[in-house]
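K.L.:
structure for this input, please:
(2 chains)
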Amino acid sequence: MSRRAFDGVLRRYGEQALLTGETGARRARAVIRPVPERSGEGTQFLPTPLGRRRTDRFLYLGEPGVPVAWGDRVEWSGPPCRVSRAQAIRVGSEISHWRAELRPEDEE
Amino acid sequence: MAGLDDIRERMTAYLNEQGIAAVSAWPERERRKTEGAVAAVSLRKCESTGHGFGDYLGERYDRERDKWEELYGKKVILTFGLDLYAGTGETGGEAQVRTAFDKLAQALQTGCPAGLRVKELSCGETGYDKAAGRYRCPAEAVCEAYLYAIADEGGAFLDFEVKGAGQI
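P.N.:
Alright, predicted model coming up:
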């Protein structure tokens, strides 16, 4: 997807997200959606010795000018999340957008 | 009740009182966000020594029932799992585990929940538990306790509870 086309998607379907990490806090426009479980296995919560843990994930597609890194905290309209993996998606030599996988944080 | 049903909760409460974040393992609620490491308290093993309640401890008078009761004791060795979990996506999980084990050792050297006496404390190597999404250091404490049973005049045991070995 070209950068211009992705900008259009962000403007139309995106929302403001606040990213906090080692490089400080920054705002980014991003499309964030749940990742569907295709296998049909597993549940939304997994029992652990410390309590139930959410196992669902969210896909983050964000604007190219705001880098995303592992461990960043993401506040958005859904549950606060942590970035579990992140990559810059390039089209040719320029970054088209940032793609990341988010996992919900534990309850406060 | 045997007095063992809430033994994990007693250990959990003691650790929290000593400033070590602890939960009784597998709670029926969502995992909470914490600063630093958390100990998951489980009862890993319970071994009794000797046969039955063979140690006669004496008699006591029950005013309510207007009867004499006989007390019998039995030593048990309880192994508590005190696995330490740390790291919530940010770095520093391994260091948090080491700090927490140091505090745990301090707390169990200087005291213990009422009715228990620590005989051994050990920990294993820290690893990363993918299912929990946390650094995990296996740790356990072997404790000695006495169960004492109350028998009525007919010799039937009515109940038994945990009583500290050091207090007998």
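K.L.:
give me phi/psi at residue A:93?
P.N.:
Dihedral pair for residue A:93: phi -100, psi -10, per degrees, to the nearest 10.
K.L.:
report how many residues lie close to residue A:92.
P.N.:
For residue A:92, the neighbour count with other CB atoms under 10 Å in any protein chain shown is 8. For the C-beta atoms, the positions are set from N, CA and C on the backbone; glycine is no exception.
K.L.:
dump the residue contacts of it.
P.N.:
Residue A:92 makes no contacts at all, as judged by CB atoms under 8 Å, 6 or more residues apart in numbering or on different chains.
K.L.:
next one: residue B:25
P.N.:
Counting by CB under 8 Å, 6+ apart, the residues that residue B:25 touches are A:49-50, B:8, B:40-42, B:81, B:83.
K.L.:
let me know the pLDDT of the nearest residue to residue B:34 once chain neighbours are set aside.
P.N.:
Nearest residue to residue B:34, sequence neighbours excluded (CB to CB, 6 or more residues apart in numbering or on different chains): residue B:21, at 5.6 Å. At residue B:21, the pLDDT value in this model is 94.
K.L.:
same thing with residue B:51?
P.N.:
On the pLDDT scale, residue B:51 gets 65.
K.L.:
and residue A:72, by the same measure?
P.N.:
Residue-level confidence at residue A:72 comes out at 93, pLDDT.
K.L.:
who touches the worst-scoring helix or strand of chain A on mean pLDDT?
P.N.:
Scoring the helices and strands of chain A by mean pLDDT, DSSP states H and E places helix A:3-13 at the bottom, with a mean of 85. With contact meaning CB under 8 Å, 6+ apart, helix A:3-13 is reached by A:1, A:29-31, A:61-64, A:91, A:94-97.
K.L.:
least confident of those?
P.N.:
For these, the pLDDT minimum is residue A:1, 62.
K.L.:
ok so, going back, export the contacts of helix A:3-13 to TSV and tack on secondary structure and distance to chain B?
P.N.:
Supplementary listing: those in TSV, determined by DSSP: H, G, I helix; E, B strand; the rest coil; distance: CB to the nearest CB, whole Å:
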residue	secondary structure	distance to chain B
A:1	coil	29
A:29	strand	23
A:30	strand	18
A:31	strand	22
A:61	strand	20
A:62	strand	18
A:63	coil	22
A:64	coil	24
A:91	strand	30
A:94	strand	30
A:95	strand	24
A:96	strand	26
A:97	strand	22
